[in-house]
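Engineer: 3D, please:
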Amino acid sequence: MQYLIIFFLLQLLIAAPARQGHADVAEASMIPDHHKATQYDMSGLSEREKEWFQTFLKGNILADGWDRITVDLLSHVAADDQQQQRRLLNQLGSKIGREWCRDNDERRIDNAMLRDWGGMLKKTAKNEPQRLAEVIRHIDGEVDSLLD
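Structural biologist: Modelled structure (predicted):
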């Protein structure tokens, strides 16, 4: 019985993404105060897609969201490069999130791709931060190919 309760609690945490006050804009809230918050366009998304877009940004018990990943990646980048790379990451995150939030049978970006790209970004930021913009652009090209 105890395991059943834990199972249902985990399901609630995973399946119930946080709701956002404004219907068409998601704000990245995990970014530290000294960074400007990012707003993502959610116009044209259904209510369910908006909830999943929020999950993409905020993460859940099983995975970090795009907000946290962005902060972590930028912490490895030289201060002079952070603004440009934040812009690239925000554009990429918006593109990936808008596709990933669709129904599983419709979307062209799945969880395995998110894991692969996230691993690639984290490894590059940690070991070769000077190449991060190049890797972001490479992933952006892969995403564009999937969406064409």
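
Engineer: I'd like the distance between the residue positioned nearest the centre of the chain and Arg115.
Structural biologist: Central residue of the chain (C-alpha atoms, centre = their mean): Trp66, 2.7 Å from the mean position. For Trp66, the distance to Arg115 (C-beta to C-beta, to the nearest Å) stands at 13 Å. For every residue, glycine as well, the C-beta is placed using N, CA and C.

Engineer: for stretch 80-97, which positions count as buried?
Structural biologist: Gln82, Gln85, Arg86, Leu88, Leu89, Asn90, Leu92, Gly93, Ser94, Lys95, Ile96, Gly97 (16 or more other C-beta atoms under 10 Å).

Engineer: need the residues that contact the biggest helix by length in the chain.
Structural biologist: Taking DSSP state H as the criterion, the chain has its longest helix at helix 79-100. By C-beta atoms under 8 Å, 6 or more residues apart in numbering, the surrounding residues in contact with helix 79-100 are 35, 38, 40-42, 45, 52-53, 56-57, 66, 70, 73-74, 77, 107-110, 114, 117, 132-133, 136-137, 139-140, 143-144, 146-147.

Engineer: in ChimeraX, how would I select the buried members of the residues you listed?
Structural biologist: Here is the ChimeraX selection string for the buried members of these, based on 16+ other C-beta under 10 Å:
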select :38,40,42,45,52,53,56,57,66,70,73,74,77,107,109,114,117,132,133,136,139,140,143
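
Engineer: in helices only, show me the contacts of helix 79-100.
Structural biologist: 52-53, 56-57, 66, 70, 73-74, 114, 117, 132-133, 136-137, 139-140, 143-144, 146-147.

Engineer: closest to Glu128 among the buried residues of stretch 80-97?
Structural biologist: Glu128 lies nearest to Gln85 out of the buried residues of stretch 80-97, by C-beta to C-beta, at 13.2 Å.

Engineer: for the protein, which spans come out with low pLDDT?
Structural biologist: 1-37 (pLDDT under 70).

Engineer: go again with 50.
Structural biologist: 4, 9, 12, 16-23, 27-36 (pLDDT under 50).

Engineer: the residue nearest to the centre of the chain: what's it in contact with?
Structural biologist: By C-beta under 8 Å, 6+ apart, the neighbours of Trp66 are Ala28, Phe56, Leu57, Gly59, Leu89, Gly93, Ile96, Gly97.
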